[in-house]
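Peer 1: Fold the stuff below for me.
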Amino acid sequence: MAQRYAKTETGRAEIQARIHALSRHARNLLLIIDGTKDAGSWVSVVNGASESDLQTLLDAGLITVIDTGSRAPDSAPAPTLSDDPPADGLGYEALYERLTALVKEQLGLLKGYKHTLAVERASGLAELRRVAIEVVGDIERAKGPVTAREARRLLGLPAA
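Peer 2: Alright, predicted model coming up:
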């Protein structure tokens, strides 16, 4: 289970629509899986999940194998607060990726769970920006104004 997976557009839609009859373990795995860790790591995070849950998601087209190329798995880490400022006008995909990474980095899997759900449910750029503002507020409460200012910069949000 060294492969890495990412949600497909169908997988993102499934989070909102709940079309497939997924087990609780498979649905929780779908919510948190992204390309930052290998499959075995994600399965171990979801208590009770197994390789069969991962296979269910793959068979349904909700996740896909991502190509890590010839680079080492951890050679391209997710953006952090110390990265260069974003270009003006982040699009949906860029904001989605940065926001997902920032939630995990700054709030962790448990505290960031509600934000991860909100990111996945966001149906457009405006909604995703609203989630980003909420995340920055929680980061400010948890880590202070300096860290929140850096998060705003990373997400391309105006200064408060």
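Peer 1: Disregarding residues adjacent in the polypeptide, which is nearest to Thr64?
Peer 2: Thr8 (5.2 Å; Cβ to Cβ, 6 or more residues apart in numbering). C-beta: built from backbone N, CA, C; applies to glycine.
Peer 1: what does Ile15 give?
Peer 2: Nearest one to Ile15, counting by Cβ to Cβ, 6+ apart, is Glu120 at 4.4 Å.
Peer 1: Give me the distance between that neighbour and Lys37.
Peer 2: 17 Å (Cβ to Cβ, to the nearest Å).
Peer 1: what residue ranges in the chain are flagged as low confidence?
Peer 2: Residue ranges of the chain with pLDDT under 70: 1, 67-89, 160.
Peer 1: From Ala21, how far off is the spatially most central residue of it?
Peer 2: For the chain, the residue nearest the mean C-alpha position is Thr100 (3.4 Å; Cα atoms, centre = their mean). In this view, Thr100 and Ala21 are 26 Å apart by Cβ to Cβ.
Peer 1: Also Gly124?
Peer 2: From Gly124 to Ala21 the distance is 28 Å (Cβ to Cβ).
Peer 1: quick one, domains of the chain?
Peer 2: Split into domains by automatic domain parsing, the chain comes to 5-65, 92-155.
Peer 1: measure the first one end to end?
Peer 2: Meaning domain 5-65. Terminal residues of domain 5-65 lie 4 Å apart, using Cα to Cα, to the nearest Å.
Peer 1: re earlier: and the residue nearest to the centre of the chain, how far from Leu117?
Peer 2: 11 Å.
Peer 1: can you check Leu99 too?
Peer 2: Applying Cβ to Cβ, the value for Leu99 to Leu117 is 12 Å.
Peer 1: So if I had to pick from the two, which one is more boxed in?
Peer 2: For the pair Leu99 and Leu117, the greater number of neighbours falls to Leu99 (26 against 15), based on other Cβ atoms under 10 Å.
Peer 1: what's around the residue nearest to Thr64, how many residues?
Peer 2: Residues near Thr8, counting by other Cβ under 10 Å: 16.
Peer 1: Noted, bye for now.
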